[in-house]
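Peer 1: The amino acid sequence is not available; the structure is as follows:
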């Protein structure tokens, strides 16, 4: 029994020493242009999925997918999300592979995740991925509207599709400066 316990202690010491050496000598590639390893990807993906599942709000999306709500969601998406997640101008963002892990392209491949799960990720962000928390930038209603837009982006009414494309063409994808609220025009010429 004593040998077994010593073996466990030695194994834990070896793992701890290995982690220390890798981090202390800079052997772990931290650049966003370095793909995460399989173990890192598996552990981080699982941790995110389980955590968001446990903390997401109950219920369905409170924002109905009406033309007005989808248009507002499209404009907010184009303003705040399209640069990283793809938009009306380019379904695949040129920024996609500049993140580690790559940013999901939400317009090119609509996520199958529940709206509440997407809301939690949008509201709180995801550490060490580049996905920020949108709390204090967008209201909960705006975040739900963006999610409604994403989930319906492959079957938009023509008026919403036109407003979304116009928003992309007129530069609605220019994010607000840090610390300021973005102003999205209510005119038809402005995602």
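Peer 2: That came in fine, so what should we check first? Here the structure is a predicted model, which is why all the values come from computation and not from measurement.

Peer 1: For residue 10, which residues are in contact?
Peer 2: Contact analysis of residue 10 by CB atoms under 8 Å, 6 or more residues apart in numbering lists nothing. C-beta here means a position set from N, CA and C on the backbone, and glycine is covered the same way.

Peer 1: Tell me if it really is in a strand.
Peer 2: No - under DSSP: H, G, I helix; E, B strand; the rest coil, residue 10 sits outside any strand and is assigned helix.

Peer 1: Now do the same for residue 111: helix, strand or coil?
Peer 2: coil.

Peer 1: What mean pLDDT does stretch 114-123 get?
Peer 2: Across stretch 114-123, pLDDT averages out at 98.

Peer 1: Pull the distance from it to the chain's centre.
Peer 2: 9 Å (CA atoms, centre = their mean, to the nearest Å).

Peer 1: Looking at the residue most central in space within the chain now. What's its pLDDT?
Peer 2: What sits nearest the mean C-alpha location of the chain, by CA atoms, centre = their mean, is residue 131, with 4.9 Å. Note on residue 131: pLDDT of 96.

Peer 1: ok, it - contacts?
Peer 2: 103, 121, 125 are the contacts of residue 131 under CB under 8 Å, 6+ apart.

Peer 1: you'd agree residue 168 is up against residue 82?
Peer 2: Yes - between residue 168 and residue 82 a contact is recorded at 6.9 Å, counting by CB atoms under 8 Å.

Peer 1: Same drill for the two, tell me which one is more crowded.
Peer 2: Between residue 168 and residue 82, counted using other CB atoms under 10 Å, the more crowded position is residue 82 (26 against 22).

Peer 1: Might one say that the more buried one is in contact with residue 92?
Peer 2: No - counting by CB under 8 Å, residue 82 does not reach residue 92; the two are 11.2 Å apart.

Peer 1: What is the burial count for the closest residue in space to residue 101 that isn't next to it in sequence?
Peer 2: Spatially, and ignoring its direct neighbours in sequence, residue 101 is nearest to residue 36 (5.8 Å; CB to CB, 6 or more residues apart in numbering). Residue 36: 17 surrounding residues under other CB under 10 Å.
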